[in-house]
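Student: give me a 3D structure for the following:
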Amino acid sequence: MGLRELRAALVIGGARGIGYAVSPGWIDVRQEPLASEDQAQQPGGRAGEPADVAVLVAFLLTPESGFIGQSFMVDGGMTRKMIYR
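Tutor: This next block holds a predicted model:
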């Protein structure tokens with residue numbers, strides 16, 4: 001399973017019960033070349049990269065995120081584009 005299929009809930013808070021859901025959008029994992037028109041569909045002009053997800057998850061693992069419980073869409077604005085065309 002690659003990031004493309006990943007829909008994971010991370011429960012990192014242990015006894016504190018702080019929970020996160022990280023939902024990546026279209027992440028380019030270099031399995032197939034992306035055409036320029038594919039990239040252009042994205043509001044940011046590009047598909048996401050694994051690092052775009054990794055920096056969020058890395059932050060959620062720090063003590064600074066200890067009061068945050070949230071569901072995160074890491075999709076470059078695609079959800080908003082699809083809902084509010």
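
Student: can you pull out the helices in the chain?
Tutor: 36-40, 50-60, 78-83 (DSSP state H).

Student: out of these, nearest to Tyr20?
Tutor: Tyr20 sits nearest to helix 50-60 of all those, at 5.3 Å, using C-beta to C-beta. For the C-beta atoms, the positions are set from N, CA and C on the backbone; glycine is no exception.

Student: pull out the buried positions in that closest one.
Tutor: Within helix 50-60, the residues scored as buried using 16 or more other C-beta atoms under 10 Å are 52-53, 56, 60.

Student: packing partners for it?
Tutor: Counting contacts by 3 or more C-beta pairs under 8 Å, 6 or more residues apart in numbering; DSSP states H and E, helix 50-60 packs against strand 19-24, strand 70-74.

Student: give me the below-cutoff pLDDT ranges for this protein.
Tutor: Residue ranges of the chain with pLDDT under 70: 1-17, 38-39, 82-85.

Student: and if we set it to 50?
Tutor: The chain contains residues with pLDDT under 50 at 1-12.

Student: make JSON lines out of the helices of the chain and add distance to Ser23.
Tutor: Shown next, in JSON lines, are those (distance: least, C-beta to C-beta, whole Å):
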{"stretch": "helix 36-40", "distance to Ser23": "20"}
{"stretch": "helix 50-60", "distance to Ser23": "10"}
{"stretch": "helix 78-83", "distance to Ser23": "9"}
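
Student: can you tell which of those helices is closest to Gln70?
Tutor: helix 50-60 (9.0 Å).
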